[in-house]
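Participant: model this:
(one chain, ligands or ions: 2)
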Amino acid sequence: MTTTHHEPTAAASGASATERFKTDKTTGVADTPKERVSLLARSVLEAVHATIREQKVTYAEYNALKAWLISVGEDGEWPLFLDVWVEHVVEEVATEHRKGNKGTIEGPYYVPGAPERGATGTVPMRADEPGTPLVWTGAVTSTDGAPLAGAKIELWHADADGLYSQFAPDLPEWNLRATFTADDSGRFEIHTVRPAPYQIPTDGACGKLIAAAGWHAWRPAHLHVKVSAPGHELLTAQLYFPGDVHNADDIASAVKPELMLDPKPAGAGETIEYGFVLDRA
Ligand code: MBD
Ligand code: FE
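Facilitator: Ligands and ions are numbered 1, 2, ... in the order given. All right, here's what the predicted structure looks like:
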């Protein structure tokens, strides 16, 4: 028997992210009026034309772009590309009216339907799961201060190697993914481990752009959440750890000061207190 060490590949995680997106996000999209499609398509194309004129883009550069765009599709990296370099502005526009938490981008690795753990519990993890243990307590409230009993907190995050279950090989299906339900006072208590920073795959189209431009490929360590309650707007957020070198230059531009945690050492691990305020829908 041969043992192979399975490194994650851009093409494999890209294929999973593309499949996930097609399943969850392309159903039920309302028909967009012709006028709106025309306005948006024209506006994007004009921005491209303006760049070509201003920068005097050559045929060699145009062909390099064409080849690169083809490879983004071949590597299944459209979800990664869009969520890293575009989604943060969509999120900014979508949440600017909010009085409660604004949150931040979802990214490509959310999977609905993670195992239920009640108000207090431990996320699914391996018996020998590496990483600093983390106990996170918090409350979900409405903008008027009322606790939202029964609010759902869906949590997903990378492991201590920066890998996401269902998008990297050899991890249990729901590793570090769970759904919590706030108790009668809107509170929850989550036991997990600290995630590592995340590096964009270097062997796919996005990695090639990063290398060709001399950028770095890192996101700071983060916990992803979706928080929901009847009659309230869905909040999608990420929480960050102070001291991470990439808090200041996240490749996905998704860090905000109000999303910074304040971990306190406790025994072999850390505790954090962080809650959410939801706007009425
Ligand atoms: C991630 O883990 C992520 O959160 C985003 C936004 C993009 C790529 C990988
Ligand atoms: Fe992430």
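
Participant: count of residues packed around Val225?
Facilitator: Val225 has 25 neighbouring residues, counting by other CB atoms under 10 Å. Using the backbone N, CA and C atoms, a C-beta is placed for each residue, glycine as well.

Participant: wait, Leu235
Facilitator: Using other CB under 10 Å: Leu235 sits among 24 other residues.

Participant: what's the answer for Ile190, then?
Facilitator: 22.

Participant: again, but for the one 4 residues further on
Facilitator: For Arg194, the count of nearby residues is 21 (other CB under 10 Å).

Participant: what pLDDT, on average, does the longest strand seen in the chain get?
Facilitator: Counting residues, the longest strand found in the chain (DSSP state E) is strand 133-142. The predicted model gives strand 133-142 an average pLDDT of 98.

Participant: cool, and stretch 261-276?
Facilitator: For stretch 261-276, the per-residue pLDDT values average out at 97.

Participant: Find the residue closest to the residue of the stretch 51-200 of the chain found nearest ligand 1 in space, skipping its chain neighbours.
Facilitator: Nearest residue of the stretch 51-200 of the chain to ligand 1 (CB to the nearest ligand atom) works out as Gly107 at 2.8 Å. Excluding the flanking residues, the one nearest Gly107 by CB to CB, 6 or more residues apart in numbering is Asp83, at 4.9 Å.

Participant: from the chain's centre, how far out does the helix or strand containing that neighbour sit?
Facilitator: Under the criterion DSSP states H and E, the helix or strand holding Asp83 is helix 78-85. Centroid separation for helix 78-85 versus its chain: 10 Å, with CA atoms, centre = their mean, to the nearest Å.

Participant: For that helix, which residues meet the burial criterion?
Facilitator: Buried positions in helix 78-85, judged by neighbour count with 16 or more other CB atoms under 10 Å: 78-81, 83-84.
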